[in-house]
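**Q** got a sequence here, can you build the structure:
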Amino acid sequence: MLDTVAPSPDIDALMNDIGRKAKAAARPLGFASTEAKNKALNAMADAILANKDHILAENAKDLKDVAGTDMLASFVDRLTLTDKRIAEMAEGIRAIAALKDPVGEVIAAWERPNGLKIERVRTPLGVIGVIFESRPNVTADAGALCLKAGNAVILRCGSDSRRSSRAIHACLVQGLKAAGLPEHAIHLVPTTDRAAVGAMLRGLDGAIDVIVPRGGKSLVARVQNEARVPVFAHLEGLCHIYVDASADLGMAKEIVVNAKMRRTGICGAVETILVDSAVAKSHLRPLLEALAGAGCEIRGSAAVVQAMPGAKAATEEDWSTEYLDAIVSVAVVDGISGAIEHIQTYSSNHTEAVIADDPDVVQRFFTEVDSAILLHNASTQFADGGEFGMGAEIGIATGKMHARGPVGVEQLTSFKYRVHGTGQTRP
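**A** Predicted structure coming up:
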């Protein structure tokens, strides 16, 4: 947990120096060539693979530190690196390198009656501050995405992942140097002092242009309450699946088990399943048995407890809990109207899914549910920038301003207007 800490003069001086260096690095990055950025990214991926053993050894030290603590299993899972996860990390960086460079892209163009030609063009945001907990892979994802979008980034990891993140960051710096790009373009805060977070939230004397929090509810709440710069909020993933009367039961069973049990500790894991009362007799028990058979604890409404021996009665708190564990809440609702009402009441506006064959139900779900990601006949675990073809993501933004949904390279840009004239003056 990153608690509020009184500012420290030494920490403020350290952090403001980091801010100045990042801001200085952001300028040349803003017009760096695509070739240079891609060269750096591919060199980063090579360095991560070449230093795999060192990264794993440092990760083992981080894991040893949390062994025997009360850290949730889901957080330990996020902290853990393996050969496969490191390979995926490198692959994700290469995927980012293969993406189209967003900087300089003409988003729109038009001509006015007076002959002025106007273009809206993508530009970098500048310096991005990323504050995260437990996930050392965010070091690579955020560093690579920000670089591709022409931004400098200041990374502040949690103390639990400090060694792993430091080892990964060293590989990113190798990549920057190999391409002749400023090494301060990706900066990892070298202290675990929590006052460093407060300094970032104050903006580092104007150096930081936007903050991205990636962590638990308390971290995000603190960032939203204290930040003096814009925030791309990544709220908890209170994800829902609605199983409609028109749903294919076999498909529904496969989807709900995958959405809950593939990885229970990620923000796209489903936390509440809603079943249409019209098919409660035919669909409810098989769905519950499939979940229980996969090792999932079920907490449900009265109809659910009656249908499934062993299910626990859900409390009001259950409907607004992100379990990040092999636990799911289940309710029987009155059709699509009941599902939408439940989602509107309890959702964090992250990701919701509908399983249905009725196009009218799907259309209404897509129209009336206002979450960042909506899926039809697919697992909520697809709520991921990599699965969206973005290479990776910094997070899933649940707000409504600027970025929403997976925050990839395009979402890490702003825009400016270029206006071409032939001597026009305004009357």
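**Q** quick one: residues contacting Lys37.
**A** 97, 101, 147-148, 150, 179, 181 (Cβ atoms under 8 Å, 6 or more residues apart in numbering). Where you see a C-beta, it was placed from the backbone N, CA and C, and this is true even at glycine.
**Q** if we go to 10 Å?
**A** Shown in contact with Lys37 (Cβ atoms under 10 Å, 6 or more residues apart in numbering): 29, 96-97, 101, 103, 144, 147-150, 175-176, 179, 181, 185.
**Q** pull out the buried positions in the one helix or strand it maps to.
**A** Element membership of Lys37 [criterion: DSSP states H and E] is helix 34-50. Buried positions in helix 34-50, judged by neighbour count with 16 or more other Cβ atoms under 10 Å: 36-48.
**Q** got CSV for those residues, with distance to Asn258 too?
**A** CSV is the format used below for these (distance: Cβ to Cβ, whole Å):
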residue, distance to Asn258
Ala36, 40
Lys37, 36
Asn38, 34
Lys39, 38
Ala40, 36
Leu41, 31
Asn42, 33
Ala43, 36
Met44, 32
Ala45, 29
Asp46, 33
Ala47, 34
Ile48, 29
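**Q** circling back to that earlier point, the contacts of Lys37: which two are farthest apart?
**A** Farthest-apart pair in the contacts of Lys37 is Val103 and Gly175; separation 18.1 Å (Cβ to Cβ).
**Q** sorry, back to before: which among the buried residues of helix 34-50 gets closest to Ala196?
**A** Distances from Ala196 to those, taken by Cβ to Cβ, are shortest for Met44, at 24.1 Å.
**Q** surely Ser282 meets Ala307?
**A** No. Using Cβ atoms under 10 Å, Ser282 is not in contact with Ala307; the gap is 11.1 Å.
**Q** if you count surrounding residues, which of these two has more?
**A** Ala307 (21 against 10; other Cβ atoms under 10 Å).
**Q** measure that one to Ile255 for me?
**A** Distance, Ala307 to Ile255, using Cβ to Cβ, to the nearest Å: 19 Å.
**Q** what do you get for Ala403?
**A** From Ala403 to Ile255 the distance is 27 Å (Cβ to Cβ).
**Q** Gly115 too?
**A** 55 Å.
**Q** who's more crowded, those two?
**A** Higher neighbour count among Gly115 and Ile255: Ile255, with 25 against 11, using other Cβ under 10 Å.
**Q** from the contacts of Lys37, which single one is nearest Gln344?
**A** Ala149 (33.5 Å).
**Q** my read is that the closest one contacts Val127, right?
**A** No. Assessed by Cβ under 10 Å, Ala149 is found out of contact with Val127, at 11.9 Å.
**Q** overlap of the contact sets of the two?
**A** Contacts common to Ala149 and Val127, judged by Cβ under 10 Å, 6+ apart, are Leu29.
**Q** mind listing the strands for the stretch 251-400 of the chain?
**A** 270-276, 297-300, 312-313, 327-333, 351-355, 373-376, 396-397 (DSSP state E, counting those that start in this stretch).
**Q** winner for burial among those strands?
**A** strand 351-355 (a mean of 29; mean count of other Cβ atoms under 10 Å).
**Q** can you give me the mean pLDDT across the helix ranked longest in the chain?
**A** Taking DSSP state H as the criterion, the chain has its longest helix at helix 9-30. Averaging pLDDT along helix 9-30 gives 93.
**Q** what sits closest to the residue minimising distance to the centre of the chain if chain neighbours are left out?
**A** By Cα atoms, centre = their mean, the chain has its centre lying nearest to Gly395, at 1.6 Å. In space, and not counting its chain neighbours, Gly395 is closest to His234: 3.7 Å by Cβ to Cβ, 6 or more residues apart in numbering.
**Q** what number of residues lie near that neighbour?
**A** 26.
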